[in-house]
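[1] My questions concern the predicted model and sequence given below.
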Amino acid sequence: MSTETFVEPEPTPLALLLLGKGADPDSERGVECPGDLPAPSDPDLVARAHAAKEALGDKVFVLGHHYQRDEVIAFADVSGDSFKLARDAAARPDAPYIVFCGVHFMAESADILTNDDQAVLLPDLAAGCSMADMAAIAQVEDAWDVLVDAGVADLTVPVTYMNSTAAIKAFVGRHGGTVCTSSNAKRALEWAFEQGEKILFLPDEHLGRNTAVLQLGLTLEDCVVYNPHRPGGGLAPEELRAAKVILWQGHCSVHGRFTLEAVEEVRAKVPGINILVHPECRHEVVRTAEYVGSTEYIIKTIEAAEPGSAWAIGTELNLVRRLALAHPDKQIVFLEKNVCFCSTMNRIDLPHLVWTLENLVEGRVVNRIEVDSEVARWARVALDRMLALPGVQSAPARAQD
Ligand code: SF4
């Protein structure tokens, strides 16, 4: 008989709370909605959203991420990827209320890039991001200590993807690093290698690996994966010393699920089909795809595609569906039959949007996302380093900066 003692696993701190029930003050997942949240079955929801938006006029600016539901995008003043939306928010200093239909880290970036007298609201505080949640600031600080002990911290430049919390961006700012998006990751990594010998890439191992190997010409052996749940990241000091890129073990729960088998299957079914994927996908999928790029790149590629051409797209389903509807002259399919919507993006629905807008009409600011001023200051340093990279469009400066 085994002498090992069974240890009850600790409940994950990231467990999803039941919709509308309770709050977890230690995570992004508080979901309380003070007052009445309209029922999804309310037949007047669309009319109520129109009425509230009209009553607020120019006082409200609604941003909709490409992965949002159609019912939400219908009320967005602009749509785009996370970086474009943060820039769009910063370009509207006259709007006191920015309603961000996206996920928590995006609303944080908008708060950092907008003026202090503007309120950024996230209609459902449960709209986090599983990738951003995979790098907690305490874990990253512990990892840095591991690099210090291995004697490589001074040689290492941290780079974080936009899809990370403000605290991680601030950490990167304090340690001489930068933020990147999926469009400028190559330039960000080149810049980082001009500043140091190694890169700590957070929190998406796939974007980091795909950029380092497929765009910078490094080898897979140049990259190691740091597992925050294992002592020392699961790496020996010699491995850290030999690596050029230390990848944080994190991934997008949507893009990480597209598989090589799905690519082979769709190629067998539709000969000549083009595979178009986001660089958050796994390395083997990105390596085989004909086209790889950000959501904005995916949209532009489909817009420019020849009528009659066939495309299998590996990104979030809401965007792929809208592209297929907008381009009936092209054959557009979702790359993976088993992948569903991004569950956290989909937490924002019409009832939450109506609830947010109607509260604003009543003079109540709900679900405001406010980044601590010291965190915001250092995160802005990291964001400004990204904006200074050659070819990256700048964001308007905050009035106070
Ligand atoms: S699609 Fe992936 S990266 Fe984007 S919000 Fe959802 S989990 Fe996060």
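    That came in fine, so what should we check first? Being a predicted model, the structure only gives us computed values, none of them experimental.
[2] okay, now the nearest residue to Glu280 once chain neighbours are set aside: neighbour count?
    Leaving aside its sequence neighbours, Glu280 sits nearest to His255 (CB to CB, 6 or more residues apart in numbering; 3.7 Å). No exception for glycine: its C-beta is placed from N, CA and C like everyone else's. Applying other CB atoms under 10 Å, we find 26 residues neighbouring His255.
[3] At the geometric centre of this structure, which residue sits there?
    Nearest residue to the geometric centre of the chain (CA atoms, centre = their mean): Asn163, 3.4 Å.
[4] Tell me the residues on the stretch 301-401 of the chain that lie near the ligand, please.
    Residues of the stretch 301-401 of the chain lying close to the ligand (CB under 6 Å from any ligand atom) are Glu316, Cys342, Thr344, Met345.
[5] Now for these: which two are most distant?
    Greatest spatial distance in these: Glu316 and Thr344, 10.9 Å, computed using CB to CB.
[6] Phe201 belongs to a helix, doesn't it?
    No - under the criterion used here (DSSP: H, G, I helix; E, B strand; the rest coil), Phe201 is strand, not part of a helix.
[7] domain assignment for the chain?
    Following automatic domain parsing, the chain resolves into domains at 45-129+345-371, 132-248, 257-334.
[8] So Leu276, which state does it fall into?
    Assignment for Leu276 (three-state DSSP): strand.
[9] and it, bridged to which residues?
    Assessed by DSSP bridges, Leu276 has beta-bridge partners Tyr291, Ile313.
[10] so who does it touch?
    For Leu276, the contacting residues are Ala289, Glu290, Tyr291, Val292, Gly293, Ile298, Thr301, Ile302, Trp311, Ala312, Ile313, Gly314, by CB atoms under 8 Å, 6 or more residues apart in numbering.
[11] my read: the first one touches Val263, true?
    What that stands for is Ala289. Yes - Ala289 is in contact with Val263 according to CB atoms under 8 Å; the separation is 7.3 Å.
[12] For those two, list the residues in contact with both.
    With CB under 8 Å, 6+ apart as the test, Ala289 and Val263 both reach Ile275.
[13] shaky segments in the stretch 301-401 of the chain?
    Applying pLDDT under 70 to the stretch 301-401 of the chain picks out residues 391-401.
[14] Most neighbours out of the contacts of Leu276, which is it?
    Neighbour-wise, the contacts of Leu276 (other CB under 10 Å) top out at Gly314, 29 neighbours.
[15] and the lengthiest helix in the chain, which residues are buried?
    In the chain, taking DSSP state H as the definition, the longest helix is helix 373-387. Across helix 373-387, burial judged by 16 or more other CB atoms under 10 Å covers Val375, Ala376, Trp378, Ala379, Arg380, Val381, Ala382, Leu383, Asp384, Arg385, Met386, Leu387.
[16] Show me the contact partners of the helix or strand of the chain with the lowest mean pLDDT.
    Every helix and strand of the chain was ranked by mean pLDDT, DSSP states H and E. The lowest is helix 82-90, at a mean of 87. For helix 82-90, contacts defined as CB under 8 Å, 6+ apart pick out 61, 63-65, 78-80, 98, 100, 102, 105-106, 109-110, 112-114, 118, 120, 162-163, 181, 183, 296, 393, 395-396, 398.
[17] Could you confirm Glu54 falls within a strand?
    No - per three-state DSSP, Glu54 lies outside any strand segment and is helix.
[18] Let me know the distance separating it from the ligand.
    30 Å (CB to the nearest ligand atom, to the nearest Å).
[19] can you count the residues close to that residue?
    Neighbours around Glu54, by other CB under 10 Å: 10.
[20] Those residues of the stretch 51-200 of the chain touching the ligand, which are they?
    Residues of the stretch 51-200 of the chain lying near the ligand (CB under 6 Å from any ligand atom): Tyr67, Val103, Cys129, Ser130, Met131, Asn163.
[21] mind redoing it with 8 Å?
    Within reach of the ligand by CB under 8 Å from any ligand atom, the stretch 51-200 of the chain has these residues: His65, Tyr67, Gly102, Val103, Cys129, Ser130, Met131, Ala132, Asn163.
[22] Those residues: which two are farthest apart?
    The span of those, defined through CB to CB, is set by His65 and Ser130 at 15.0 Å.
[23] of the two, who's got more company?
    Between His65 and Ser130, counted using other CB under 10 Å, the more crowded position is His65 (27 against 19).
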